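1. Next comes the sequence, and after it the predicted model I'd like to discuss.
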Amino acid sequence: MTMPWKFICKQEALVEGAGVAAMVNGEQVAIFYVPESDNKVFAIGNWDPVGKANVLSRGLVAHLQEQWVVASPLYKHHFVLASGQCLEEDVNVPHWQAKLEGGDVFIAAY
Amino acid sequence: MTSSVSFLTTKPHLIVIGNGMVGHHFVEQMIAQGGHETFQITVFGEEPYLAYDRVHLSEYFTGKGAADLAMTDGSLYDEHGVRYFTNSLVTKIDRTTQQLVLQNGNALSYDKLVLATGSYPFVPPIPGHKRENTFVYRTLDDLDAIRDCAKQVTRGTVVGGGLLGLEAANALKNLGLETSVVEFAPRLMPVQLDDKGGAVLKEMIEGLGVKVYTDTATKEIVDGESAFHRMNFADGSHLETDLILFSAGIRPQDALAHQSGLSVGERGGISVNNHCQTSDDDIYAIGECALWNNRIFGLVAPGYAMAKSAAGHLMGDAGVTFTGADMSTKLKLLGCDVGSVGDAHAQSQGCKVFVYQDEISQSYRKMVVSEDGKKLLGAVLVGDNSYYDTLLQYYLNAIDLPSQAQSLILPAMDGAPVGLGVDALPATASICSCHNVSKQDISDAVCQGALSVADVKGVTKAATGCGGCAALLKKVVDNELLALGVEVSTDLCEHFAYTRQDLYNLIKVEEIKSFSALLHKHGKGHGCDICKPAVGSILASVWNEYVLKKEHISLQDTNDRFLANMQKDGTYSIVPRIPGGEITPDRLIVLGQVAKTYGLYTKVTGGQRIDLFGATLSQLPEIWEKLIAAGFETGQAYGKSLRTVKSCVGSTWCRYGVNDSMKMAIDLENRYKGLRSPHKIKFAVSGCTRECAEAQSKDIGVIATEGGWNLYVCGNGGMKPRHGDLFAKDLDDETLVKYIDRVLMFYTRTADRLQRTSVWMESLEGGLAYLKEVVINDKLGLCAELEARMQHVVDTFQCEWKTTLQDPEALKTFRQFVNYEGNDSNVVFVEERDQMRPATEWEKQQLIAKVG
């Protein structure tokens, strides 16, 4: 079964090399625009389970050990943008497929 | 009446009397050799504390507590079944029955006994020496008493101008007393220094405001007229003082030896052989109470060596003997470097001497060499200890001197002193004399997997005694790692094989203006949360462009990206600049109105500003619009940049003020407010020496004097407090600003990322003296450039919030959500003390339950 693609925003709303927050079905999603990556856009949960606040969209995007990650602004834990996995602790955040098409941003969600 | 304390044990009973540094080291040595399995070990200490670091005792006055100085919290003893008793004075040894008696009357038996009773301060029997407000400088209790007294009085005098006396004088000075030193001998530090060295040191110390009386005998101490005491001197003159501290040498604490009939020296000290055994084979003496070959060793390193040989002998290893110790020493007294190696007084037969003296920068160096000029026999250093490590290695290892031996004490014309490469040291070279660690020991530790200085310290204990060998240790470790083919990485991160300083130079010289250009030319990969903000900061230091420019925005940490300080719940706090803490009632009202409108929690900060908490992302631009309209500027509390210049009101209002500290603080804050630096920077300006602005705890501290301004640099409060170093005295306004320009730019250019000035200073090779050379004497020929760079930053200042409000591209990033106008439902406030604060997790659940 395939997920339907849900329109989030126009590409202009994104910030190059950084994240923004979106509200999708009542859930906060952090969307990152990384032009150098194969994917271009990534979507993970905005909630930092370590710092316990909705801040991941405001973290710094980094490239560590061949993976795109975001460093949480609170305690600097790194979360892999493609999988939501935390590099330092055994926790993970939700992740969604995302795509950039015709100047629009979509994520795969109901 | 005595009662017997019996310990149920079948192991022989080893009792250690005394729990100072050496007594503690002995226990450590025993444990390391498994001695706690062989013996039941019991330790008695007279003081209320377990062993503490007496070498760094003075740091008790500069912020360290008893716990910081403690060498053990007792857990080492507990874990190994060593029993210990503090507050327990042993008063008697009965050698025939092998029993000890404690002050409380308890007695117990020993099989082996170790005396580590240390020494006591010698107080010359001057009439009046037992008056009130007279002290010695030995224990934490002594220091508590001195501190209590110093609070009540203004003048203090140290009797004794030796090593410990000057250390004590520094402490009195730090306690805010007008300080004098009275020395009986014709020069300061008569044991370690020669006449000229003593004279240079005297001049330096007097330059710091401490009066020094040499060749002065005190005849009596009587009631003073203008102070508590009057010290009448043999030459008829006198000195009035409130507090007297005796530091006229130490005497071995050998009372138990006298009482029990052990052999003692004519002038005291318990006689010991090369195993540190006394005249009774079952009793050992180690440390300052022991007399070896008619000598007392008043330093910690020989004490440790004695502890090791005694422990070895007790464990059946007679090979580790004590055969004397090197008494070379280097230290910083009142901020002045002093070093003494071997035969400082040139008493060896036929020896020859090289002397270098520089009266301008106040330094003096002497080398004593053998008759044939091939070996170093001794040395004296005053003013600059950067020569010490090399000289000591030549001396200790009897390395042949180079043909131009005098180069070892001459200033190198291109800057750094000529050092002996660590490669040239023999394997037996002693690197750490406190713990007797040789180059070979370090090499072994590295081979066995200790691949960093910290690891090597852990394994060998090198550099954990007095710490004087730390720089040398690092060189040896790096050298060993290189020899093993292990790369010593100083890379910033996996993307740049450069240090921060390298990157700074690349950006400046090649005029690189963006992260991507730098990465493309000199890095690899895509960058990370280490290199991005570091490079963002360097770019801002050098070019001072708007930090939210499109090519810079993704380099900024969240605080810099949104120009506010993120709090734990994801909301922000806002700190407008209030230069020098001076604010008009109208502006104060604006802050109040804004806080009220947006329901912000309001608090006055430590830096004399006002912090407004609880603003959401989307509120930030609205709030700043109002603040800027009222004339406020960004306070850059979010940046690694100048934070505040704290100030007192100064001579305008204060009856003690000697200069207008308020105006100076405002001028300085406005000058440096835009500077991005490796870490945050705090200033303070005090209007007189009462120092109400606490300038000595700041990165840059300025204190008004009758003659202008005194400049202090590299102080710090916070987690690891450090007193600022007095950098220059009695400066006029213009010179003050010039020096601050240069110091700050030199720091910005050479420090590591996130390195505060205090740590930078500690790691700067050559330390304060070197920084003075660079900034005052322009040793590197950099001053004009440093000033020009600072002027560029000053000229290109912009209020980042003002720029942001005019930039629609930047403003769009301040939306909470890109597709929704609501707020973050996890941000919940409750009221406390009439203001709002973030709700706790529990409170949030209660609130949700109510709503549900």
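-> Received, thanks. Residues are numbered from 1 along each chain as shown, chains lettered A, B, ... in the order given.
2. what secondary structure does B:Asp423 sit in?
-> helix (DSSP: H, G, I helix; E, B strand; the rest coil).
3. A:Val55 and B:Gln567 touch, don't they?
-> No: with contacts counted by C-beta atoms under 8 Å, A:Val55 stays clear of B:Gln567, the gap being 10.2 Å. Quick note: C-beta positions are derived from backbone N, CA and C, even for glycine.
4. Looking at these two, which is more packed in?
-> A:Val55 (27 against 17; other C-beta atoms under 10 Å in any protein chain shown).
5. Check what pLDDT the more buried one gets.
-> A:Val55 carries a pLDDT value of 96.
6. if I pick the nearest residue to it once chain neighbours are set aside, what's in contact with it?
-> The spatially closest residue to A:Val55, leaving aside those adjacent along the chain, is B:Gly570, at 4.6 Å (C-beta to C-beta, 6 or more residues apart in numbering or on different chains). Contact analysis of B:Gly570 by C-beta atoms under 8 Å, 6 or more residues apart in numbering or on different chains lists A:Ala53, A:Asn54, A:Val55, A:Arg58, B:Asp824, B:Asn826, B:Val827.
7. In contact with the closest residue to the second one other than its chain neighbours, which residues?
-> Excluding its sequence neighbours, the residue lying closest to A:Asn54 (C-beta to C-beta, 6+ apart) is A:Asn46, at 4.6 Å. For A:Asn46, the contacting residues are A:Ala21, A:Gln28, A:Val29, A:Ala30, A:Asn54, A:Val55, A:Leu56, A:Ser57, by C-beta under 8 Å, 6+ apart.
8. mind putting those in a markdown table, secondary structure and distance to B:Gln845 included?
-> A markdown table is the format used below for the contacts of A:Asn46 (DSSP: H, G, I helix; E, B strand; the rest coil; distance: C-beta to C-beta, whole Å):
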| residue | secondary structure | distance to B:Gln845 |
| --- | --- | --- |
| A:Ala21 | strand | 24 |
| A:Gln28 | strand | 19 |
| A:Val29 | strand | 24 |
| A:Ala30 | strand | 24 |
| A:Asn54 | strand | 17 |
| A:Val55 | coil | 20 |
| A:Leu56 | helix | 23 |
| A:Ser57 | helix | 25 |
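9. OK, contacts around the most centrally placed residue in chain B?
-> Centroid-nearest residue in chain B: B:Arg722, 6.2 Å away (criterion: C-alpha atoms, centre = their mean). If you count contacts by C-beta under 8 Å, 6+ apart, B:Arg722 has them with B:Ser697, B:Cys714, B:Gly715, B:Asn716, B:Ser758, B:Met761, B:Glu762.
10. hmm, try it at 6 Å
-> By C-beta atoms under 6 Å, 6 or more residues apart in numbering or on different chains, the contact set of B:Arg722 is B:Gly715, B:Asn716, B:Ser758.
11. Show me those residues that map onto helices.
-> B:Ser758 (DSSP state H).
12. Just put the contacts of B:Arg722 in TSV and tack on pLDDT and neighbour count.
-> As requested, those are exported to TSV (pLDDT from 0 to 100; neighbours: other C-beta atoms under 10 Å in any protein chain shown):
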residue	pLDDT	neighbour count
B:Gly715	94	24
B:Asn716	91	19
B:Ser758	89	24
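13. Using PDB, list the CA coordinates for stretch A:38-54.
-> Extracted in PDB, the C-alpha atoms of stretch A:38-54 (Å, rounded to 0.1, in the frame of the first residue of the first chain):
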ATOM      1  CA  ASP A  38      20.200  13.200  -3.300                       C
ATOM      2  CA  ASN A  39      16.800  13.600  -1.700                       C
ATOM      3  CA  LYS A  40      16.800  17.400  -1.500                       C
ATOM      4  CA  VAL A  41      14.100  17.300   1.200                       C
ATOM      5  CA  PHE A  42      13.700  15.300   4.400                       C
ATOM      6  CA  ALA A  43      10.900  15.100   6.900                       C
ATOM      7  CA  ILE A  44      11.300  14.000  10.500                       C
ATOM      8  CA  GLY A  45       9.300  14.700  13.700                       C
ATOM      9  CA  ASN A  46       9.900  18.200  15.200                       C
ATOM     10  CA  TRP A  47       9.800  16.800  18.800                       C
ATOM     11  CA  ASP A  48      13.200  16.300  20.400                       C
ATOM     12  CA  PRO A  49      12.700  13.300  22.700                       C
ATOM     13  CA  VAL A  50      15.900  14.100  24.700                       C
ATOM     14  CA  GLY A  51      15.300  17.900  25.200                       C
ATOM     15  CA  LYS A  52      11.500  17.400  25.300                       C
ATOM     16  CA  ALA A  53      10.500  20.300  23.100                       C
ATOM     17  CA  ASN A  54       9.400  20.900  19.500                       C
END
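14. Now do the buried residues in it.
-> Neighbour-count burial for stretch A:38-54 flags A:39-51, A:53-54 (criterion: 16 or more other C-beta atoms under 10 Å in any protein chain shown).
15. what does stretch B:702-717 give?
-> Here stretch B:702-717 shows B:Val702, B:Ile703, B:Ala704, B:Gly708, B:Trp709, B:Asn710, B:Leu711, B:Tyr712, B:Val713, B:Cys714, B:Gly715, B:Asn716 as buried, counting by 16+ other C-beta under 10 Å.
16. try stretch B:83-91
-> B:Tyr84, B:Ser88, B:Val90.
17. so how far is B:Ser279 from the second one?
-> Distance check for B:Ser88 against B:Ser279: by C-beta to C-beta, to the nearest Å, it reads 25 Å.
18. Same check on the first one?
-> Noted for B:Tyr84: a distance of 27 Å to B:Ser279, by C-beta to C-beta.
19. Spit out the contact partners of B:Asn544.
-> Contacts of B:Asn544 (C-beta under 6 Å, 6+ apart): B:Val793, B:Thr796.
20. The same query, at a cut-off of 10 Å, please.
-> Counting by C-beta atoms under 10 Å, 6 or more residues apart in numbering or on different chains, B:Asn544 touches B:Gly674, B:Leu675, B:Arg676, B:Arg789, B:His792, B:Val793, B:Val794, B:Asp795, B:Thr796, B:Phe797, B:Gln798.
21. May I have the phi/psi pair for it?
-> Dihedral pair for B:Asn544: phi 60, psi 40, per degrees, to the nearest 10.
22. same thing with the one 4 residues further on?
-> Main-chain torsions, B:Leu548, degrees, to the nearest 10: phi -100, psi 10.
23. Spatially nearest residue to it, not counting backbone neighbours?
-> B:Ala810 (4.6 Å).
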